[in-house]
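Engineer: just coords:
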């Protein structure tokens, strides 16, 4: 269904507001208005609604409306006036509103070059290859026009080659992205290399940490050993000092003891030297002597008493004897009794011994036995005689015996007394000798004094013993102290050896060694701490590095982008070839179309110029030239302004007539294009426009009445509108 | 009783290599692909531990030139340590991507039981089990990333050389019944990458050549008598490396009366994600939903073939179809791609490339004399003058300051075809197509 413009509604556009113009008819329309009535504004408004408001450029067209809130709509209707469509555009130029299909067969460039005609536009047909191609290939029998296809190809090529943010296939943009990704990959690769180095560093640090720990433990052990050594040395040295002090004290004490020991005593050395057992024996002996002395004294006393008693008893007997007589017979019988057995014994011995001798000489056992028996019998008789002899006489005997006894007793007692005295004297001598022998001379035989001396000796000995004991004790203690000192010295040497010190090392040197080792240990600890810190830091970083996929992501994105780049480059090759195919095809097609168009343009040019110019043609280089009635050929640039405009008007109208499929609903807007034409040629141009209006809707804006007249002359049925 | 050993032959982990060729990965799949190589390496380690193999040989390129992230770097050495702690020795050689000059600093990271074999010259080792010498390993890797031209990397790797070299330390090496050569080589196909003549390798007295460098599996002279073997990479790193990747579990067994052992290969897939490039003819599809079903059915099939759950695919649609006018629209393809990717968590479609053609009667177009026929004529002329087109594109690229694609000369005809299709699509497009496509 064919539509044409019916009305123009301007809500606000430039200097116009709430302006409505129309109704327009399908054919030729003339809009007459004085200067500044809004003709150019209305023509601009129509283009603005169709393809977007244009920016104002100021000086070139003084009629162009200023910027501002612009809105309005165009009303289209079909040939029968039964259906209408509107195209509107609101302020802000957000896009066309309404049925866009009305402008789907034309683009802005084609509209501006071919449908929106002004005197200025008619001076050339530059930069219109797309438009001419579009027009020249109109009616090619394709779904889309070759020209629009060409435009799309060019657009796609631009998308592939421009650095457009919107175009995913922009090769420069993809190339830029590839470069960015290469930088990212390089950075990520460097990070990986760094991680590898850090991994090696971590391994070395872990090994180093073990070594440092071992070293620290070793130093700790050394320090501990040295500390132990030091404390040992301190203890040993302190003890040695004590020992030495003790030794000197002991030695002083020992000297004092020696001096004490040398003090003289009245007790003889012999007594002092007595052993306790000897002393006990001596004392026992003294006790014995004392007892003996006592006994001797008592014996003397008893002997004296007994002697006195016996003397008295004897004297009494003697006195009695004198009074009673003598007692003789008993003495004779006792002699008889002694002589007879003595004789018998001699007889039997005399008989027995020869018998034995004889028996033995004749080897007669019985004689030998008889002899022996006689001898034995003689012995028995002798013994019996002795016994009888010894048996006293009863009364005399008793008296005698008593006298003798008395005498004997008296003598005996006297003897006893003498003996006792003698024994005592002997005892005293013995004691004297004994005491002398035992160093108790000073006792001078006195046991008491001897005992006293012994006591003194004991005391002395005790004192000496105590001194000796003290001395021994001192000696022991000294020895012990010396021994301990020696042991301590040995212990010190052992400690020095264990500590690796030279003999006689001072504690200060040990302290210095410990301080040195402690410093080393602290240094190792610090290094270990630093290693631990670095290990922790590296461990965390490497754990992150292990999880980090930046490198892989960058590589994958790079490859994807590279693939996209290749695909787009592939597409660009295809697009360039396609463009070339289409370009050559259009050229070939145009070479068929152009003659027809130029023939038509030549006809129209001849109409306008009333035959003064007969032909419009184009050289193989694309230069236009016109042929005059007299055969002159002039290039366009040599034509007068009016003739030039007439030539381009002819060309445009020819192409518009040729390309009826383009912009079917869009009116051709001519804004005072005939001002430079003389009257005759204005009439000719009016005829041409009237011819165009038979195929397309034409709206002529003018402020010249002669133009209106010329158009009315060409088309008496034109639609006249006045502003 | 015949002696036998089992070992894993693997190579080309390329730890740290970015996965190439994708452009539309989601965040979740980006994460999967970032972990893919290290996860596959873990699969190799797990396989070695589960199979309790005698030893593992890694024929170079453990790390990629792009360098691994610190996490992957550590994971590698931890994986090797897991093997050595399990009593499985590991013999490695440096590859062209991780030559000895790069490795030198990392050698101390290798645990005891793992040995980076020689790079300046070949080096030998003896594998012993319970004191019994079983296998001689002769190996050589890259010293620097460039190999000395004219010197075969396998030079000097022989049993006799191994016995001589090991005479002092391992006098019983001569008793070992098996021998394995480990080299990183492009064989004769790549003269610049430590070439080796396969014929010389086959003639040598080494039983099995464990090779690395070639990312595709390759067994010479044939699978029944494998002597020169490339296990390929353990995880594809480029969308072009399609299908399953993994390592070989190699069993060598003495054969009574034969000088050479019986060698059995078992391929163990290790990929954590497999890639596929599917070219699907959608001529029979009537709707976009049909296309989706077709793609998903193929993804299932490929996933089953690759023995891997996760699969990322590039789909190229070909064929003549009326759906072309929709598929030509990037947003329609993107919508279809997303719907496929969202269908199953194990599948991801990174790209759908439209190489379909609208159903066109070229002869009829030419007869009608419409503009399209003109386009076809021009396109044919350009194809006929491809050299001129190459110059044209080059000049246009230079003019725009864009680097010229290396595939330009090689693929100019394809580009021309695409350009013709694009022009025809643009010309035949109608505004309603877009709206209809969006609705679909």
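Structural biologist: Right, received. Where do you want to start? The structure displayed is predicted, hence computed values, not measured ones.

Engineer: Toward the C-terminus, what is the element adjacent to the helix or strand encompassing residue A:314?
Structural biologist: Element membership of residue A:314 [criterion: DSSP states H and E] is helix A:276-324. Elements were assigned by DSSP H and E; along the chain past helix A:276-324, the next helix or strand is helix A:330-361.

Engineer: following that next one, which helix or strand shows up next?
Structural biologist: Next along the chain after helix A:330-361, taking DSSP H and E as the criterion, comes helix A:365-390.

Engineer: for that following helix, the distance to its chain's centre please.
Structural biologist: Relative to the chain's own centre, helix A:365-390 is displaced by 135 Å; criterion: CA atoms, centre = their mean, to the nearest Å.

Engineer: follow-up on the earlier one: for the helix holding residue A:314, enumerate the helices and strands it packs against.
Structural biologist: Packed against helix A:276-324 by the contact rule (3 or more CB pairs under 8 Å, 6 or more residues apart in numbering or on different chains; DSSP states H and E) you find helix A:395-437, helix A:447-499. Bear in mind the C-beta positions are built from the backbone N, C-alpha and C, glycine included.

Engineer: Am I right that residue B:356 falls within a helix?
Structural biologist: No: counting by DSSP: H, G, I helix; E, B strand; the rest coil, residue B:356 is not part of a helix but strand.

Engineer: Assess the claim that it and residue B:315 are in contact.
Structural biologist: No: the criterion here is CB atoms under 8 Å, and residue B:356 misses it with residue B:315 at 11.6 Å.

Engineer: before we move on, the earlier item: the helices and strands packed on helix A:276-324: which one's closest to chain B?
Structural biologist: Proximity to chain B, assessed across the helices and strands packed on helix A:276-324 by CB to the nearest CB, is greatest for helix A:447-499 (40.8 Å).

Engineer: can you tell me the average pLDDT over the closest one?
Structural biologist: For helix A:447-499, the mean per-residue pLDDT is 84.

Engineer: Next, the angle helix A:395-437 makes with it.
Structural biologist: Comparing the axes of helix A:447-499 and helix A:395-437 via axes from the mean of the first three to the mean of the last three CA atoms, to 10 degrees yields an angle of 40 degrees.

Engineer: how far does the helix or strand following helix A:447-499 sit from the chain's center?
Structural biologist: Using DSSP H and E, the helix or strand that follows helix A:447-499 towards the C-terminus is helix A:507-547. Between the centre of helix A:507-547 and the centre of its chain there are 11 Å (CA atoms, centre = their mean).

Engineer: From the contact counts, what lies against helix A:507-547?
Structural biologist: Helices and strands touching helix A:507-547, by 3+ CB pairs under 8 Å, 6+ apart, are helix A:171-261, helix B:70-85.

Engineer: any residues touching stretch A:20-36, and which ones?
Structural biologist: Here stretch A:20-36 makes contact (CB atoms under 8 Å, 6 or more residues apart in numbering or on different chains) with A:4-10, A:39, A:42, A:63, A:75, A:79, A:667, A:689-690, A:693-694, A:697-703, A:705, A:707-708, A:711-712, A:714-715, A:717-723.

Engineer: now, which of these lie within helices?
Structural biologist: Members of the contacts of stretch A:20-36 lying in helices (criterion: DSSP state H): A:39, A:42, A:689-690, A:693-694, A:705, A:707-708, A:711-712, A:714.

Engineer: ChimeraX command to pick out the buried ones of those residues?
Structural biologist: The following ChimeraX line selects those of those that are buried, judged by 16 or more other CB atoms under 10 Å in any protein chain shown:
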select /A:39,42,689,690,693,707,708,711,712,714
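
Engineer: JSON lines for the ones in helices among the contacts of stretch A:20-36, including pLDDT and distance to residue A:616?
Structural biologist: Putting the ones in helices among the contacts of stretch A:20-36 into JSON lines (pLDDT from 0 to 100; distance: CB to CB, whole Å) gives the following:
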{"residue": "A:39", "pLDDT": "84", "distance to residue A:616": "29"}
{"residue": "A:42", "pLDDT": "87", "distance to residue A:616": "31"}
{"residue": "A:689", "pLDDT": "92", "distance to residue A:616": "18"}
{"residue": "A:690", "pLDDT": "93", "distance to residue A:616": "20"}
{"residue": "A:693", "pLDDT": "93", "distance to residue A:616": "21"}
{"residue": "A:694", "pLDDT": "91", "distance to residue A:616": "21"}
{"residue": "A:705", "pLDDT": "89", "distance to residue A:616": "31"}
{"residue": "A:707", "pLDDT": "90", "distance to residue A:616": "24"}
{"residue": "A:708", "pLDDT": "91", "distance to residue A:616": "28"}
{"residue": "A:711", "pLDDT": "91", "distance to residue A:616": "23"}
{"residue": "A:712", "pLDDT": "92", "distance to residue A:616": "28"}
{"residue": "A:714", "pLDDT": "90", "distance to residue A:616": "21"}
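
Engineer: between the ones in helices among the contacts of stretch A:20-36, which is closest to chain B?
Structural biologist: Taking CB to the nearest CB as the measure, residue A:694 is the one of the ones in helices among the contacts of stretch A:20-36 closest to chain B, at 26.6 Å.

Engineer: Next, work out how far apart that closest one and residue B:65 are.
Structural biologist: For residue A:694, the distance to residue B:65 under the criterion CB to CB, to the nearest Å works out to 74 Å.

Engineer: Contact partners for the closest residue to residue A:45 other than its chain neighbours?
Structural biologist: What sits nearest to residue A:45 in space, not counting adjacent residues and going by CB to CB, 6 or more residues apart in numbering or on different chains, is residue A:13, at 4.6 Å. For residue A:13, the set of contacting residues under the criterion of CB under 8 Å, 6+ apart consists of A:19, A:41, A:44-45, A:48, A:65, A:70-72.

Engineer: roughly how far apart are residue A:13 and residue A:514?
Structural biologist: If you measure residue A:13 against residue A:514 using CB to CB, the figure is 102 Å.

Engineer: Residue A:70 contacts residue A:48, doesn't it?
Structural biologist: Yes: the pair residue A:70 and residue A:48 passes the contact test of CB under 8 Å, sitting 6.9 Å apart.

Engineer: what residues do the two have in common as contacts?
Structural biologist: Contacts common to residue A:70 and residue A:48, judged by CB under 8 Å, 6+ apart, are A:13, A:89.

Engineer: Closest one to residue B:223 out of the contacts of residue A:13, please.
Structural biologist: Nearest to residue B:223 among the contacts of residue A:13 is residue A:48, at 77.4 Å by CB to CB.

Engineer: in chain B, which spans are helices?
Structural biologist: B:27-51, B:70-85, B:100-103, B:159-166, B:198-203, B:288-306, B:324-327, B:330-343, B:362-368, B:371-384, B:386-400, B:407-410, B:412-428, B:431-439.

Engineer: Let me have those helices in a markdown table, extended by mean neighbour count and mean pLDDT.
Structural biologist: As requested, those are exported to a markdown table (neighbours: other CB atoms under 10 Å in any protein chain shown; pLDDT from 0 to 100):
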| stretch | mean neighbour count | mean pLDDT |
| --- | --- | --- |
| helix B:27-51 | 19 | 94 |
| helix B:70-85 | 19 | 95 |
| helix B:100-103 | 18 | 90 |
| helix B:159-166 | 18 | 93 |
| helix B:198-203 | 14 | 90 |
| helix B:288-306 | 17 | 90 |
| helix B:324-327 | 23 | 87 |
| helix B:330-343 | 17 | 92 |
| helix B:362-368 | 12 | 69 |
| helix B:371-384 | 20 | 85 |
| helix B:386-400 | 15 | 88 |
| helix B:407-410 | 14 | 81 |
| helix B:412-428 | 22 | 87 |
| helix B:431-439 | 13 | 41 |
